[in-house]
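Undergrad: Return atomic coordinates for the entry below.
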Amino acid sequence: MPRKHPLDKLRNIGIIAHIDAGKTTFSERLLFYTGVSHKIGEVHEGEAVMDWMVQERERGITITSAATTMYWKDYQINLIDTPGHIDFTAEVQRSLRVLDGAVVVFDGVAGVEPQSETVWRQADKYSVPRMCFVNKLDRMGASFDKSFDSILKKLTPNAVAIEIPMGVEEKMSGVIDLLKMKALYFEGEKGTTVVEKEIPEEFKAEAEKWHKIAVEKIAGDDDILTEKFLEGKEISLEELKAALRRAVLAYRLVPVLCGTALKNKGVQPVLDAVVDYLPSPLDLPAQKGTDPKTAAVIERKADDNEPFAALVFKIAADPYVGTLTYFRIYSGVLKKGSYVLNANTGEQERIARILRMHADSRQELDELYAGEIGATVGLKATNTGHTLCEKTAPVILEKIVFPEPVIGIRVEPKTKADQEKLIMSIRKLTEEDPTFRIKEDLETGDTVISGMGELHLDIIADRLRREFHVDANYGRPQVAYKETILAEANGEEKYVRQSGGKGQYGHVLLKIKPKERGAGFEFIDEIKGGAIPKEFIAPVEKGVKEAMDKGIVAGYPMVDVEVTLYDGSYHDVDSSEFAFKIAGSMAFQKAAKAAKPIILEPVMKTEVITPPDFFGQVISDLSSRRGKIEETSERVGMKVIDVMVPLSEMFGYATGLRSLTEGRASFTMEFDHYEQVPANVAQEIIDGKRQ
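TA: Model prediction:
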């Protein structure tokens, strides 16, 4: 079956935004106008197509990224709607890794919010070309000028407005296309008919002003157009659009559009802009990967004739078909019934079915081509971040790196039957979600599950109960503290045991030193002259890792340490892997105790929005929680406080803030970095007086 849409007519885009910017409402309009759905599902009514999980419909938020395919003016658009809540940041990260372009949605009242900044930086990390849509301009207090200004100041000075609204708040009647210099009205039921008219007299001066800025910015990115602009010559619409496309693809300009998705105004021009300015797979550089055997760099171009290579970006448990594996094909063609190689594990997998997803419904296909996003069922040993490829041309594509969990809770199954179900269910959920972890506490025998925040763990507990029918008791949330060292130190350990017959002998000398925050663990082998045989080096590293997992100060995992094994000795008969593992572990513990070990705690970037009357109380409450105020500003009659607060101080903050402000303030928080715990707090953690 030949490809329906050539590669240059394909767009893989994501919708990313802060929670409550109207992202899912906007996605629902896209589906309606492209004919994928025949009625508009509203989030507030629990009817949104893209929010298909029970938990999403109940809470009115997006939890998991949903994929769908739509068609607009001869173009195929694969769309991923991602969550806005920071607890589900992994969903955004994995989606950005496989997308070619993104539409960033902003709330027209709030402008740039903390999570908007986070997703923007994530998109920067993967060099994703993007455009902006300022939504909710029909709301009270909405301002396109202020929102656009916040994009320029907080995100990028390269934003260029190509639309402005006609009228403000409830008087917003349509938008002005600044490149065509036409007024666009959205008529008929649900705004399906886009009507182009002359710009009304009262908006002409404003439109002229914005038009000049847009033309100057677009022309300034292109040498030929700059010359034309300076000479005062007319620049045609086609020239402007072509120059803007080139600038967007190179991430030198970011077009900004506007409207109100809920009132059906301004959505269709976004579809036109996706087609006009965002990249097709052909516009992007070839994917770089490595040869699994030689680690040589290999490139894969977006071409059906290249060897097959795809990246798995999501695993999801589906109640009807089992485990769904989502992938993005970067090169070649995937056929139903074929065998592919998992380059990360070296195992072969059979592709029994190929599915094109529409949120939670599926369309069966016989084959899928380069540049496409699809799913398959029944893969046995494939996880998020793995590469599927042709057996004769193995390649490992760049993996997706996920953040570490910052909060944990103890789980205790209610019955023996629940015990077995719990372990099976949690294993499935950890496959699905790389930021969800499980750990057995060896001392107490408890099971501890960890995630990105209280909401994340709340949803996990809810899913365990509803989907997997597991009854369990949950402990109080606990902070995922970590340990590290501040100084360098050496450690030596000789592990010798003699017990009639073969003994045990392992002798290790190592030095440790701190690494930068977030740099992780590094083991360096500097053994010379065979002081320790090669086969005993790996057991030493294993022993060091086990000691790091147990921690030195208060039993929390140790991070950001460089360990160098530089000397030791062995016995021809008595040395064993076990002896060297123990020696490595004990030598590390000895060195770490001498290297000024400290405890680290997660610090959250928090934004509190409060009426001015309560500003003083909120500030003093944050200070009592060890908060460091970064900035305070005003937003539509409210005070906005940007503050860094340790996570351990934020449990129950929602209730505390409500009672302080008569329920009128709100807050959002996201993990920012790990920081050293003050001495008095560290002592409380060591004594077990703190969660």
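
Undergrad: Can you give me the pLDDT of residue 52?
TA: Note for residue 52: predicted pLDDT of 37.

Undergrad: tell me the SS of residue 127?
TA: coil (DSSP: H, G, I helix; E, B strand; the rest coil).

Undergrad: Numbering from 52 from now on, please.
TA: Got it, first residue is 52 now, which makes that one residue 178.

Undergrad: Do I have it right that it meets residue 330?
TA: No: look at residue 178 against residue 330 with CB atoms under 8 Å: they stay out of range, at 10.7 Å. For glycine as for every other residue, the C-beta is placed from the backbone atoms N, C-alpha and C.

Undergrad: neighbour count winner among those two?
TA: A direct count of neighbours by other CB atoms under 10 Å for residue 178 and residue 330 places residue 330 higher, at 20 against 11.

Undergrad: give the contact list for that one.
TA: 62, 151-152, 180, 299-300 (CB atoms under 8 Å, 6 or more residues apart in numbering).

Undergrad: in the stretch 252-401 of the chain, what spans have low per-residue confidence?
TA: Of all residues in the stretch 252-401 of the chain, those with pLDDT under 70 make up the ranges 368-372.

Undergrad: quick one: the strands in it?
TA: Here the stretch 252-401 of the chain has its strands, by DSSP state E, counting those that start in this stretch, at 305-309, 338-341, 348-351, 360-369, 373-382, 385-386, 390-393, 398-401.

Undergrad: now swap in the stretch 102-251 of the chain and tell me
TA: So, for the stretch 102-251 of the chain - with DSSP E, counting those that start in this stretch - the strands run 117-123, 126-132, 152-158, 181-186, 210-212, 214-217, 225-228, 233-238, 244-248.

Undergrad: which of the residues in the first one are buried?
TA: By neighbour count, and taking 16 or more other CB atoms under 10 Å as the criterion, the buried residues in strand 117-123 are 117-121, 123.

Undergrad: Next: the shortest one.
TA: When neighbours are counted by 16+ other CB under 10 Å, the buried residues of strand 210-212 are found to be 210-212.

Undergrad: In TSV: those, plus pLDDT and distance to residue 531.
TA: Shown next, in TSV, are those (pLDDT from 0 to 100; distance: CB to CB, whole Å):
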residue	pLDDT	distance to residue 531
210	93	37
211	94	42
212	94	42
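
Undergrad: Closest to residue 399 out of these?
TA: For the buried residues of strand 210-212, the residue nearest residue 399 by CB to CB is residue 210; the value is 47.6 Å.

Undergrad: rewinding a little: which one of the strands of the stretch 252-401 of the chain lies closest to residue 534?
TA: Of the strands of the stretch 252-401 of the chain, nearest to residue 534 by CB to CB is strand 360-369, at 31.4 Å.

Undergrad: Strand partners (parallel or antiparallel) of that closest one?
TA: strand 373-382 (antiparallel), strand 438-440 (antiparallel) (DSSP bridges).

Undergrad: Most tightly packed of those strands?
TA: strand 438-440 (a mean of 26; mean count of other CB atoms under 10 Å).

Undergrad: Specify the next element, helix or strand, located C-terminal of that strand.
TA: Following strand 438-440 in sequence order, the next helix or strand is strand 447-448 (DSSP states H and E).

Undergrad: Which SSE is immediately downstream of that next one?
TA: Using DSSP H and E, the helix or strand that follows strand 447-448 in sequence is strand 458-464.

Undergrad: Show me which residues of the helix or strand just after that following strand are buried.
TA: On the C-terminal side of strand 458-464, the closest following helix or strand by DSSP H and E is helix 467-483. By 16+ other CB under 10 Å, the buried positions in helix 467-483 come out as 469, 472-473, 476-477, 479-483.

Undergrad: now helix 467-483 against strand 373-382, angle please.
TA: 10 degrees (axes from the mean of the first three to the mean of the last three CA atoms, to 10 degrees).

Undergrad: helices or strands up against helix 467-483?
TA: strand 360-369, strand 458-464, strand 488-491, strand 498-502, helix 505-517 (3 or more CB pairs under 8 Å, 6 or more residues apart in numbering; DSSP states H and E).

Undergrad: follow-up on the earlier one: so which of the strands of the stretch 102-251 of the chain gets nearest residue 511?
TA: strand 117-123 (18.6 Å).

Undergrad: longest strand of the protein?
TA: strand 648-661 (DSSP state E).

Undergrad: Partner strands of that strand, with direction?
TA: Partners of strand 648-661, by DSSP bridges, with direction: strand 533-536 (antiparallel), strand 689-697 (antiparallel), strand 717-727 (antiparallel).

Undergrad: looking at the ones you listed, which is buried most?
TA: strand 533-536 (a mean of 24).

Undergrad: which outside residues touch that strand?
TA: For strand 533-536, the external contacting residues (CB under 8 Å, 6+ apart) are 563-565, 568, 602-605, 607-612, 643, 646-651, 725.

Undergrad: Select only the buried ones of the residues you listed in ChimeraX?
TA: A single ChimeraX command is used to select the members of the contacts of strand 533-536 judged buried by 16+ other CB under 10 Å:
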select :563,565,602,603,604,605,607,608,609,610,611,612,643,646,648,649,650,651,725
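
Undergrad: Which of the contacts of strand 533-536 fall in helices?
TA: Counted as lying in helices by DSSP state H, out of those, are residue 643.

Undergrad: tell me, how many neighbours does residue 264 end up with?
TA: When counting by other CB under 10 Å, one arrives at 12 neighbours for residue 264.

Undergrad: who's in contact with the closest residue to it other than its chain neighbours?
TA: Spatial nearest neighbour of residue 264, chain neighbours left out: residue 212 (7.3 Å); criterion: CB to CB, 6 or more residues apart in numbering. Going by CB under 8 Å, 6+ apart, residue 212 touches 195, 199, 229, 261, 264-265, 306-307, 309.

Undergrad: Now which of those residues would you call buried?
TA: Buried members of the contacts of residue 212, counted by 16+ other CB under 10 Å: 195, 199, 229, 261, 265, 306-307, 309.

Undergrad: Of those, which is the nearest to residue 219?
TA: Nearest to residue 219, judged by CB to CB, of the buried ones among the contacts of residue 212 is residue 195 at 7.9 Å.

Undergrad: Look up how far residue 262 lies from that closest one.
TA: Taking CB to CB, to the nearest Å as the measure, residue 195 falls 15 Å from residue 262.

Undergrad: same thing with residue 219?
TA: 19 Å.

Undergrad: out of these two, which sits in the busier spot?
TA: Ranked by neighbour count (other CB under 10 Å), residue 219 and residue 262 place residue 262 first, with 20 against 17.

Undergrad: give me the number of residues near residue 682?
TA: Neighbourhood size, residue 682 [other CB under 10 Å]: 9.

Undergrad: beta partners of it?
TA: residue 693.

Undergrad: hmm, back to that, could I get the buried residues of strand 210-212 as TSV with distance to residue 421?
TA: Listed next are those as TSV, based on distance: CB to CB, whole Å:
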residue	distance to residue 421
210	32
211	32
212	35
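
Undergrad: Can you tell me which of those comes closest to residue 580?
TA: Once CB to CB is applied, the member of the buried residues of strand 210-212 that ends up nearest residue 580 is residue 210, at 61.3 Å.
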